[in-house]
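Peer 1: Predicted model follows, preceded by the sequence.
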Amino acid sequence: MTDYKEVRTTQHEQGREQRVTTFKVTQIIWLLLGLLEAAIALRVLFKLIGVNAENPFAALLYSFTNLFVAPFASLIGAPAAGGMVLEISSIIAMIVYLLVAWALERIVYVCFSIALADP
């Protein structure tokens, strides 16, 4: 029978906690962006297929996304035909929020990296 020795290392990886925090914060940013993008995309789809705005789910979705789409509402007209609307302003809003989230994620990453690099 072979004897086994247990070996443990106590070496501490410098800056590991900050890297984990950076990872978690950036993941939260991307999660929130994903939820917002999905809600706005669902709004675009609902408007495109002419969903009844009086439906409670559609009304809830429209009222929530109005907060985020409102700044872009008057940028461009929305082509409509027979109760169906293509909200181009909502698509522009999705692009802008993607760029804002990307910039915010990069800022968080750089700030944590600088803090990690300082001795």
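Peer 2: Right, received. Where do you want to start? Since the structure is predicted, the reported quantities are computational estimates derived from the model, not experimental observations.
Peer 1: Any chance you could spot the residue sitting in the middle of the protein?
Peer 2: residue 33 (0.9 Å; CA atoms, centre = their mean).
Peer 1: Report the secondary structure element holding it.
Peer 2: For residue 33, the element it lies in under DSSP states H and E is helix 16-49.
Peer 1: what's that helix packed up against?
Peer 2: Using 3 or more CB pairs under 8 Å, 6 or more residues apart in numbering; DSSP states H and E as the contact criterion, the elements in contact with helix 16-49 are helix 56-69, strand 84-85, helix 88-117. (C-beta placed from N, C-alpha, C; glycine too.)
Peer 1: any idea of the mean pLDDT in that helix?
Peer 2: Average pLDDT, helix 16-49: 92.
Peer 1: so that helix versus helix 56-69, what angle?
Peer 2: Orientation of helix 16-49 against helix 56-69 (axes from the mean of the first three to the mean of the last three CA atoms, to 10 degrees) gives an angle of 120 degrees.
Peer 1: What residues of helix 16-49 count as buried?
Peer 2: 22, 25, 26, 29, 33, 36, 37, 40, 43, 44, 46, 47 (16 or more other CB atoms under 10 Å).
Peer 1: Quick check: the second one touching residue 111?
Peer 2: No. Under the criterion of CB atoms under 8 Å, residue 25 makes no contact with residue 111, lying 9.7 Å away.
Peer 1: Need the overlap of contacts for these two.
Peer 2: In terms of CB atoms under 8 Å, 6 or more residues apart in numbering, residue 25 and residue 111 are not both contacted by any residue.
Peer 1: Tell me the gap between stretch 38-57 and the middle of its chain.
Peer 2: Stretch 38-57 has its C-alpha centroid displaced from the chain centroid by 19 Å (CA atoms, centre = their mean, to the nearest Å).
Peer 1: ok, and what's touching that stretch?
Peer 2: The contact list for stretch 38-57 (CB under 8 Å, 6+ apart) reads 58-59, 61-62, 64-65, 68-69, 78, 82-87, 90-91, 93-94, 97.
Peer 1: mind running it again at 7 Å?
Peer 2: By CB atoms under 7 Å, 6 or more residues apart in numbering, the residues outside stretch 38-57 that reach it are 58-59, 61-62, 64-65, 68-69, 83-87, 90-91, 93-94.
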